[in-house]
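J.: here is the input, now give the coordinates:
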Amino acid sequence: MSPSFDLDRCIRKVKDFPKPGILFYDITSVLMNPQAFDFCIRAMLETYRGWELTAVAGVEARGFLFASPFAHIRRLPLILLRKKGKLPGETHSMTFSLEYGEDTIEVHKADVREGMRVLLVDDLIATGGTLQASIRLFEGAGAQVAGVFAVIGLPFLEYEKRLAGVPVKTLIDYHGE
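T.: Numbers count the residues shown, from 1 in each chain. Model prediction:
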C-alpha cells in the first residue's frame, strides 16, 4: 500500500446532486479505478490487522462493495444491512430519522449472534444516522460493534457525535466546499 496514493483525485465530485447546493462524492469512480479500489481494501486490511472480529457488516448498497473483499480475505462472515423489505427471512429492524423523513434498516435474525464482534462498513459517512441505527440494531441483538469503516468521511456534518464510543476510520475526509 502506497502511503502517498492520492485517493482524492480518484473521487468524482458532482455539484448540485441529488439537489441544488449538494456536492456529491461519487464512490463509483473509485470502483472504476482498480488501483484506487485496491488501495482502499489494503488500507482496511492494514487498519484492522490484529483486530478480533467475528463478522463484517456492509451497509446497503455501496458498503457491500468494500465489506465483501475484506470479509473474503479475512475469512469472516459477511452480514448485509438492507433497507426495509429487501430481506426474505425474519429480521431485526431499526427505524431512524433522516434529514427529511425516516428510513428503516434490517438484518436477518439468523445472521446476528450474541457476543459477535462486528465491523460496520459503508462507502461514506455523512451525518452518521444510518450507522448509528446499525450500531443500535446490532447491540439490540446482543452483538458488539467493534468499529466503523468508510472510504469517505464528511466530519463537518458532525457524524462523530452520533457515533461516539465506536472507533471510526475513514480514508479521506472532506470538510465542506
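J.: what is the burial count for A61?
T.: If you count neighbours by other Cβ atoms under 10 Å, A61 ends up with 14. To be clear about C-beta, it is placed using only N, CA and C from the backbone, and glycine gets the same treatment.
J.: please renumber so the chain begins at 12
T.: Sure, I'll start counting at 12 from here, so that last one is A72.
J.: now do it against E101, distance only.
T.: In this structure, A72 and E101 are 22 Å apart, going by Cβ to Cβ, to the nearest Å.
J.: how much space between Y185 and E71?
T.: The spacing between Y185 and E71, counted by Cβ to Cβ, is 22 Å.
J.: which phi and psi does the residue nearest the centre of the chain have?
T.: For the chain, the residue nearest the mean C-alpha position is D133 (1.6 Å; Cα atoms, centre = their mean). When read as degrees, to the nearest 10, the backbone of D133 gives phi -140, psi 170.
J.: need the contact list for it.
T.: 69-70, 73-74, 77, 141-142, 159-161 (Cβ atoms under 8 Å, 6 or more residues apart in numbering).
J.: now name the helix or strand holding the closest residue to I90 other than its chain neighbours.
T.: Spatial nearest neighbour of I90, excluding adjacent residues (Cβ to Cβ, 6 or more residues apart in numbering): A68 at 4.2 Å. Assigned by DSSP states H and E, A68 belongs to strand 66-70.
J.: to the chain's geometric centre, what's the distance from that strand?
T.: 8 Å (Cα atoms, centre = their mean, to the nearest Å).
J.: again, but for stretch 18-28
T.: Stretch 18-28 sits 18 Å away from the centroid of its parent chain (Cα atoms, centre = their mean).
J.: got the buried residues for it?
T.: Buried residues in stretch 18-28, counted by 16 or more other Cβ atoms under 10 Å: 18, 21-22.
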